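# please find the sequence and the predicted model below.
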Amino acid sequence: MPRRTSWLSAENIAFVIFLIFMIVYPFRTDDFGILNAAYFAALTLLALSLSMIWGKAGILSFGQTAFFGIGGYLYGIYTLNVLGSAQTWVGLAVGMLAGGIVAAILGWFMFYGGVNDVFVGLTTLALTLVLQTFMAQTAGPEWTVGEARLNGYNGMYIPQLSFGEMPLYGRPLYFVYLAILIGVYLLLRWLSSTRWGYGLLALQENRPRTESFGYNVRLMQVQVFALAGVVAALSGVLYASWGGYIDPSSMGLTAAITPVIYVAIGGRRSLTASMISSMILLKLSQLLASSAPEYALVIFGLLALLAVLFVPEGFVVALFNLIDRHLLNRGGGNLPGMTAPVEEVTANG
Amino acid sequence: MDTNGFGQSAVAAKVSRRQLVKTSALTAGAMALASKIDVNYALAQDEGPVKIGWLGDRTGDFSLVGVQKYAAAELAVKELNEKGGILGREVQLVAEDAQSDNRRYQEMARKLLLQDKIDVLHACFTSAGREAIRPIIDQNKAIFFYNNQYEGGVCDNYVFPTGCVPDHQVVPFMPAVMDKFGKRVYTIAADYNFGQLTAAWCKKFVEANGGEVIGEEFIPLDVSQFSTTITNIQNAAPDILIVLLVGIKQSSFYEQKNSAGMQVPMATTVNMGQAYEHKRFPAPALSNMYVTVNFMEELAEGLGTDFPERVRSVAPDLEYVGMECAAEYEGINMYALGAEKAGTTEKDAVRKALESGISFEGPGGTVSIDPATHHTVRNIYMVHADENHNIVLDETFEAVRPDWLSADMGCDLPNKPDNTQYEP
Amino acid sequence: MADAQPLLMLDNVSKRFGGLRAVSDMNLTVGQGELRCLIGPNGAGKSTIFKLIMGFERPTSGTIAFGGDRIDGWPTWKRARQGLSIKMQIPGVYPELSVQDNMRVAAQNHVASHEMAESIRGLLARVGLDGLAGEQVKNLSHGQQQWLEIGMALSAKPKLLLLDEPTAGMGPGETEATARIVESLNADGMAILVIEHDMAFIRRIARTVTVMNLGKLFAEGTITEIEANQDVTDIYLGRS
Amino acid sequence: MFDGLFNWFYQFQVSFSFLLLSAIGLAVIFGMMGVINLAHGEFMMLGAYATTFLAVKGVPLALAILIGALAVGVFGAVIEMLVIRRLYGRLLDSVAATWAIGLILSQGMLILTGPSIQGVSSPFGSFSVGAISYSWYRIVLGVVSLLLIAGLYILFMKTEFGLRARATIQNQPIARSLGVDTARMYTLTFALGSALAGLAGGLFAPTATIVPFFGTNYTVEAFVTVIVGGANALVGTPLAAASLGVINAALGTKYGLYIARVGLLLTTIVIIRVLPTGISGLVERWRMRPARQR
């Protein structure tokens, strides 16, 4: 059956529309709208991180918020100790690196120890809770790293990412955050279309079988887990810089489960769907908190439940598939996010 | 340029490098914003309704207190409007629910300040929530009323902490309970800033009055089983147990110590007054619990106020009218008096007016703002619950001044800008 | 053909699961380019042998050598890269992916990207699945899935191909097609080790047959010798 | 000397019974069905609310607890038929779905009953050993935990239901071909796990504040115990509760609750590395040993 061999898919169209909207939006809104959207962009990185490991490699982690917290705290500790606006960007790298290293160690611990599936979820949840419990009791003055006072539940004040003497604020802040989000998104999409990404897709379905095709499955699991740790830590750094603040509740149970719900509703297998749904749901949850606070969480819970029960591939992915099938005449069978390599092969063959 | 925040001189004297870093970062942020935000606010001010921003916990862990505070805000705004508003302008309550979530506090504080362009923010219950939004407040040079009991020490040009602090509660309180029961004290406290700092205050004043702290235990916020703690306390056999537990989970302590048969007088700065444990737990779990408060529903009759009835006129289902409910009501009214005095809602002017010394006749008696620290001079009532959980008034301390910050820490906000939380 | 060194050599290999001896003191060699059948009653340990060769399980004792290297301590992926490939008993395909993606997953560690499309097309033609490249694998028939898996195993360009019941669930026509594929692969010089129950199929393809019973080597010989062996018939009938 | 020993024993059995009761419902559902019920805490909350509501109305506490457990069991059966049944084989999705159910339950309870309801006191009073007084009710909880384990053992090992349930876990298709209504077994198992959660909630109700987020008090302990215990609820959960109980009581008495809690979580992470299948996995292996030496 001949098939269109272009980049024209609902997913890609949605991404372009999303990008245009995100570029135009700050010129159509007020100061709050701009800062708020930047904040959403920072938190959406967490959804991308989760989508990468859960959707692309079948690893469900409740620990992304732990790496988020590690990134935020390490960024704060570094920038409070090493002054200067250029150092804030070094701090960003330090935070990301820290998240990646901790994730790599935990990943090695789990995957080389033969822990998989549900137990990965439980282990990462335990890590999150350990970190929260630990950070929560750092209220005393003895919990100071150099010049940085950890400050327990009252949270830590953190310098903002700066250019020259100017901390990022308003539109510049927004566009830096947006660029980071889109950059990470494109990087992850590209990675999932490489050999390595294909291997992840395969090991998600059947680990021993994939190993018998010559993939070093455990190493790949550790790699993708560390990568997702870096992205989650980046999310934490951007969040901490945005509010000038981080506290242990960013590693709590609720914080750990929220991104899972966003990604489940959108469609975990698609980075695009995860990104868009995270943005929409963050906004929705904020709107509900304003207009119907008592009912907000009930509505949210119902939405998640309906998605899981009736649209298991996720609302956004289901929409993509519908458009692909009926408007773009693309056949089923392609996973979102996998379009490019399939076409490459088809085009040649 | 003095209005530009906290000049370097203010901090240089005794402040550590850490605070310097923090301050300069925020100052830079504030400067970057200054031009833009001032323009926005200029447009918003002195026309249309006066917008009172309210941000608190109507849902989530802290909603027991949050709903009381919200009812107080509704009542205050309703009464202000009945009296013709502020400066003849209608008063509008712009309320957001932070859902007991610090992240939500940050989002909503920004929304209220930048989008709704509120004139003043009355917000927060926990210290964590307050600290989460304080950078945002300072950055935007807003007026922030923190109408709540806390561990004390916040010296910040933009913050008015009108509730009780250890100056009010611990200083007169410790000698009084020690005279009654003895000098050996055991402290259990929530393991975070409020608990640790208040415990430090208590220790200081126990020792200053010739007593001894024979045990101190800090308990993680999510712990709800106290079996080992109860045994540890019994082993130490103190004369008084200071209880600085917070949150719903930790309140399980009372029933547990009761069923374990532990009989020891307790002292606290928060229980019963905020989340009415004496109403929620069957007697005698809280019998012999002593607390210092600015107000409690049971005190209304003695104080000759119909405040609880008025609150219930706007919130008929409210279960309790406690100390923070009264503090919230007083805070909003003090802002109104400040704006009237300034003759405008322009923020610098209102702040100056508030710093000139505002007094309000609240449910708990006269409350006035201490210009140097932005805290309040207020009456404090020491009460305890008897075996049937009836509240008994033991002693009244009138017009207690919160002068530790100014006397010992040199906080003098009108003359010396600052944004630090000092610790004992 | 130089038969200097066997391609695969199992030397005194044993595998216990708890108290169960699945394989005991098993010796087996497969030469370069050899086509060998491994038969035996259910529970004889045939599939365990495959798992030991592929590295899904580690032997309790004994050694396994492949292409001159001792591989029994190696992880599966390393063995695969060394030229071992398997078609499993229960189809080890990826039902959620398309035929083409299945092939790509199997091939990418062994085939350069610019040759990928060509290689996949060739192999699909060889296993009779040309035209189904875009189909999702869960929509294929059982036989088609078996062929796909053979195709996937081949895309690794193995030196030794392990086939575990390649005709299970196939009709006579499909079985014949499978036999032709196996023969043509062997004709190209690929060594193949097949586990099968279908004696007609074995007769059709095999030159040498190894019989296992109760985890042990029971008999070895040509298909005619094995079929004439009364002991072998007995173990199949449970009379041993 | 005796005072010290008794105190230690008391602390241990308190930790043990809380860990065990918190975890047992979760463990039954996880062990039998492979489903992680993230609404476990909210099921406990429902049990606590039902119990408290009835007890305040004058129903004797023991009866109120039983009715509460039963009601949560029925509720669990309904949830299984409406939701869980559709998600078998989609383990990670069932995690998300049960989280959503939990959210709806706790928030719905907040809307219905407000932030808190009046609780009931622990019955039976206190007793003293040496200078320390203890709660009788805590002792009762310990006894109930042991009885519960015994009851579950009998249920699963000695009854028709238990036989069918075990057949279903071990091999669903074969159990079905032998005439076991496996769908019904799953419903019953989920209902049993839910009822156990409700029972734990009811038993804990007199010891804690009754609020819509009541369940979150125990979820961490429950998950930790199930991780350490592994998939076998009858063997793993009691052993996990016992070993974690020792750690909790020892650290709590010596260094305070913070260290106890951190110790609990760190132990869990280490256990996962050393025993990925939990204590019941270890027990399985240990059972194999004599056979191997035969």
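Happy to help now that I have it.
# how many neighbours does the residue nearest to residue B:307 when sequence neighbours are not counted have?
Sequence neighbours aside, residue B:363 is the residue nearest to residue B:307 in space, at 3.7 Å (criterion: C-beta to C-beta, 6 or more residues apart in numbering or on different chains). In short, each C-beta sits where N, CA and C put it, glycine included. Using other C-beta atoms under 10 Å in any protein chain shown, residue B:363 has 27 neighbouring residues.
# pull the helix or strand with minimum mean pLDDT from the chain.
I went with chain A, as the question did not name one. Ranked by mean pLDDT, DSSP states H and E, the weakest helix or strand in chain A is helix A:339-348, scoring a mean of 34.
# let me rephrase: I mean chain D.
Least confident helix or strand, chain D: helix D:278-293 with a mean of 64, by mean pLDDT, DSSP H and E.
# from the chain's centre, how far out does stretch B:279-297 sit?
The chain centroid and the centroid of stretch B:279-297 are separated by 19 Å under C-alpha atoms, centre = their mean, to the nearest Å.
# nope, stretch B:200-216 is what I was after
23 Å.
# ramachandran angles for the residue of the stretch 1-150 of chain D found nearest chain A?
At 3.6 Å from chain A, residue D:103 is the closest residue in the stretch 1-150 of chain D, using C-beta to the nearest C-beta. With angles defined as degrees, to the nearest 10, residue D:103 sits at phi -60, psi -50.
# cool, and residue B:267?
Residue B:267 adopts backbone torsions of phi -130, psi 150, taken as degrees, to the nearest 10.
# I figured it was touching residue B:176, is that so?
No - assessed by C-beta atoms under 8 Å, residue B:267 is found out of contact with residue B:176, at 9.2 Å.
# the stretch 201-349 of chain A: strands as residue ranges?
Secondary structure of the stretch 201-349 of chain A by DSSP state E, counting those that start in this stretch: the strands cover A:245-246.
# poorly predicted segments of it, please.
A:293, A:329-349 (pLDDT under 70).
# and the gap between the residue in it that chain D sits nearest to and chain C?
Distances between the stretch 201-349 of chain A and chain D by C-beta to the nearest C-beta are smallest at residue A:301, namely 3.6 Å. When distance is defined by C-beta to the nearest C-beta, to the nearest Å, residue A:301 is 28 Å away from chain C.
# residue B:146 now?
54 Å.
# out of everything not next to it in sequence, what's closest to that residue?
According to C-beta to C-beta, 6+ apart, the nearest residue to residue B:146 is residue B:161 (4.5 Å).
# got the phi and psi for residue B:289?
phi -90, psi 120.
# actually residue C:35, sorry about that
For residue C:35, the backbone dihedrals (degrees, to the nearest 10) come out as phi -110, psi 120.
# burial of it, as a residue count?
By the measure other C-beta under 10 Å, the count of residues near residue C:35 is 21.
# what are the bridge partners for it, then?
Legend: beta-bridge partners of residue C:35 under DSSP bridges are residue C:192.
# model confidence for it, exactly?
For residue C:35, the pLDDT comes out at 90.
# so who does it touch?
Residues near residue C:35 by C-beta atoms under 8 Å, 6 or more residues apart in numbering or on different chains: C:182-183, C:186, C:191-192, C:194, C:205-208.
# and which of those is nearest chain D?
For these, the residue nearest chain D by C-beta to the nearest C-beta is residue C:194; the value is 28.0 Å.
# hmm, back to that, which residue is the nearest non-sequential neighbour of the residue of the stretch 201-349 of chain A closest to chain D?
Among residues not flanking residue A:301 along the chain, residue D:103 sits closest, at 3.6 Å (C-beta to C-beta, 6+ apart).
# any idea how far residue C:44 lies from residue D:89?
Shown here: residue C:44 relative to residue D:89, a distance of 32 Å by C-beta to C-beta, to the nearest Å.
# between these two, who's got more neighbours?
A direct count of neighbours by other C-beta under 10 Å for residue C:44 and residue D:89 places residue C:44 higher, at 22 against 8.
# which non-adjacent residue is nearest the more buried one?
Counting by C-beta to C-beta, 6+ apart, the residue nearest residue C:44 is residue C:212, at 4.2 Å.
# go on, residue A:125?
residue A:62 (4.0 Å).
# may I have the secondary structure class of the one you found?
At residue A:62 the chain is in coil, as set by DSSP: H, G, I helix; E, B strand; the rest coil.
# what separation is there between it and residue B:141?
Using C-beta to C-beta, residue A:62 is found at 40 Å from residue B:141.
# low pLDDT regions in chain C?
For chain C, the stretches with pLDDT under 70 are C:1-4, C:237-240.
# same thing but at 50, please
For chain C, applying pLDDT under 50 flags the ranges C:1-2, C:240.
# my guess is residue D:215 contacts residue D:38, does it?
No - Residue D:215 is beyond contact range of residue D:38, at 10.2 Å (criterion: C-beta under 8 Å).
# shared neighbours of those two, anything?
When C-beta under 8 Å, 6+ apart defines a contact, the residues bordering residue D:215 and residue D:38 alike are residue D:102.
# dump the residue contacts of the residue of the stretch 1-150 of chain D closest to chain A.
Counting by C-beta under 8 Å, 6+ apart, residue D:103 has contacts A:297-298, A:300-301, A:304.
# what's the local residue count around the nearest residue to residue A:145 once chain neighbours are set aside?
Counting by C-beta to C-beta, 6+ apart, residue A:77 is the residue found nearest to residue A:145 once chain neighbours are left out, at 4.9 Å. Counted with other C-beta under 10 Å, residues neighbouring residue A:77 total 23.
# same question, residue C:58
For residue C:58, the number of neighbouring residues by other C-beta under 10 Å comes to 12.
# re the thing from before, just name the closest of the contacts of residue C:35 to residue D:126, please.
When these are ranked by distance to residue D:126 (C-beta to C-beta), residue C:194 comes first, at 75.5 Å.
# contacting residues for that closest one?
By C-beta under 8 Å, 6+ apart, the residues touching residue C:194 are C:35-38, C:163, C:166, C:182, C:202, C:205-206.
# strands - which of those residues land there?
Judged by DSSP state E, the subset of the contacts of residue C:194 located in strands is C:35-38, C:163.
# residue 81 - nearest residue in space that isn't next to it in sequence?
By default, I'm working from chain A. residue A:146 (4.1 Å).
# let me rephrase: I mean chain D.
residue D:187 is the one closest to residue D:81 (C-beta to C-beta, 6+ apart), at 6.1 Å.
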